[in-house]
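**Student:** Generate a structure from the sequence data that follows.
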Amino acid sequence: MAAPLAAEAPPAWRAVDAATGQIADVAGLEQLARDFPDSASVRLRLFNAQLQAGEGEGALASLRWLAARGHVFSERARAQIPDLIGPAHAEAARAMLAGAPQVIAASTVFGTLPAEAGLIESVIVVPGEEGALASSVSRRTLFALGPNSEWIEVPVPRAQALSGLASAPDGSLGWVASANIDGAAPDPAGFTGLIGLTGDMGDLLMIPAPEGVAVSDLAVGPDGSVYASDPVGGGVYRRVPGKTALEALVPPGTFRSPQGLAVSADGARLYVSDFRYGLAAVELGSGA
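**Tutor:** Okay, the predicted model is just below:
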């Protein structure tokens, strides 16, 4: 295991956008690595830039960082890296790349959806029951796992691509995100926002997203607040119980592509996984 971050506070989150993803020079990527000290994707970009610039010593340090965190290169990359890093560091690089990947644990099959379910985005186990619910991006519908281990299609009125699923703490209300995130032709009648699943598909709770926001992953806090990430715009949104619309918790452009969310046990923080840059903790009281 790699050593955790030092005892000092990590740097404040640096807002990222498409331009940040275009940084390619070594100096710029070194600063980005300081800003995101545990981001493997940033370190990989820095490693490649160091190889291209002939900075063998720096590339070796980046390779050591990646190896300590269990990063696995392809067989082709393992053969090429010692040559690219230069003769002075080739043997050290070869030694780091020699070990076989360690398997920590294997998955087990929970259930198998039918092929016609298409692209499945999220699955949630129904609290207190033996069933489960799955969302389909491509079919724009839900699939429910019944008592006979059979998946039953559950159409959702006005649904666009369905992605994130979450449930209220007491299991009384489920939520699914609906938005045009799959590049399909726009549906004028389609709904963008959160759909509250009450058990009656004719009595859904519709919480619209702000204009231009495409919600995806969801999480529910202990107070019933629902949090939604926008992987396109880079913001995070919240629906407080009793409210009829989503509000911005983290403004768009703060993240490059926020994905999965989790609320801390005490309800004070929201953890956000950014597709490129790692994990951020959002203070729910202030939004910082």
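
**Student:** who's in contact with the residue minimising distance to the centre of the chain?
**Tutor:** The chain has Gln259 as the residue nearest its centroid, 2.8 Å off, counting by CA atoms, centre = their mean. Residues near Gln259 by CB atoms under 8 Å, 6 or more residues apart in numbering: 216-217, 229, 231, 272-275. Backbone N, C-alpha and C define where each C-beta goes, glycine included.

**Student:** Just the buried residues from those, in PyMOL please.
**Tutor:** Applying 16 or more other CB atoms under 10 Å to these, the buried members can be selected in PyMOL as follows:
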select buried, resi 216+217+229+231+272+273+274
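
**Student:** does Phe255 really touch Asp274, like I thought?
**Tutor:** Yes - using CB atoms under 8 Å, Phe255 is in contact with Asp274, at 4.8 Å.

**Student:** list residues touching both of those two?
**Tutor:** The contact sets of Phe255 and Asp274 overlap at 16, 280 (CB under 8 Å, 6+ apart).

**Student:** picking that back up, which secondary structure state is assigned to the residue nearest to the centre of the chain?
**Tutor:** strand (DSSP: H, G, I helix; E, B strand; the rest coil).

**Student:** Local confidence estimate at it?
**Tutor:** pLDDT recorded at Gln259 is 96.

**Student:** now Pro127
**Tutor:** pLDDT, Pro127: 65.

**Student:** same thing with the one 3 residues further on?
**Tutor:** Glu130 carries a pLDDT score of 72 in this model.

**Student:** Shouldn't it be within a strand?
**Tutor:** No - Glu130: not assigned to a strand; according to three-state DSSP it is coil.

**Student:** give me the number of residues near it?
**Tutor:** 10 (other CB atoms under 10 Å).

**Student:** give me the number of residues near the closest residue to it other than its chain neighbours?
**Tutor:** Counting by CB to CB, 6 or more residues apart in numbering, Glu130 lies nearest to Pro147, which is 6.8 Å off, once chain neighbours are set aside. When neighbours are defined as other CB under 10 Å, Pro147 has 8 of them.

**Student:** what do you get for Val103?
**Tutor:** 6.

**Student:** now do the one 10 residues further on
**Tutor:** By the measure other CB under 10 Å, the count of residues near Leu113 is 15.

**Student:** list the contacts for it?
**Tutor:** Counting by CB under 8 Å, 6+ apart, Leu113 has contacts 120, 134, 143, 151.

**Student:** SS state for it?
**Tutor:** coil.

**Student:** Use 856 as the first number for this chain going forward.
**Tutor:** Let's use 856 as the start, then, which means that last one is Leu968.

**Student:** how close does Gly1048 get to Glu1066?
**Tutor:** Counting by CB to CB, to the nearest Å, the gap from Gly1048 to Glu1066 is 11 Å.

**Student:** For those two, work out which one has more neighbours and name it.
**Tutor:** Gly1048 (21 against 6).

**Student:** how close does the more buried one sit to Gly966?
**Tutor:** The gap separating Gly1048 from Gly966 is 28 Å, by CB to CB.

**Student:** which ones are touching the spatially closest residue to Gly1079 that is not a sequence neighbour?
**Tutor:** Spatial nearest neighbour of Gly1079, chain neighbours left out: Pro1096 (4.4 Å); criterion: CB to CB, 6+ apart. Shown in contact with Pro1096 (CB under 8 Å, 6+ apart): 1078-1080.

**Student:** Over to Glu1102?
**Tutor:** So Glu1102 contacts 1092-1095 (CB under 8 Å, 6+ apart).

**Student:** Most neighbours of all the residues you listed, which one?
**Tutor:** Result: Arg1094 is most packed of the contacts of Glu1102 (other CB under 10 Å), 27 neighbours.

**Student:** And the helix or strand hosting Ser896, what does it pack against?
**Tutor:** Assigned by DSSP states H and E, Ser896 belongs to helix 895-907. Packing contacts for helix 895-907, counted by 3 or more CB pairs under 8 Å, 6 or more residues apart in numbering; DSSP states H and E, involve helix 881-890, helix 911-923, helix 930-940.

**Student:** so how far is it off the chain centroid?
**Tutor:** The chain centre lies 21 Å from the centre of helix 895-907; the measure is CA atoms, centre = their mean, to the nearest Å.

**Student:** Name the residues of it that come out as buried.
**Tutor:** Across helix 895-907, burial judged by 16+ other CB under 10 Å covers 895, 897-898, 900-902, 904-906.
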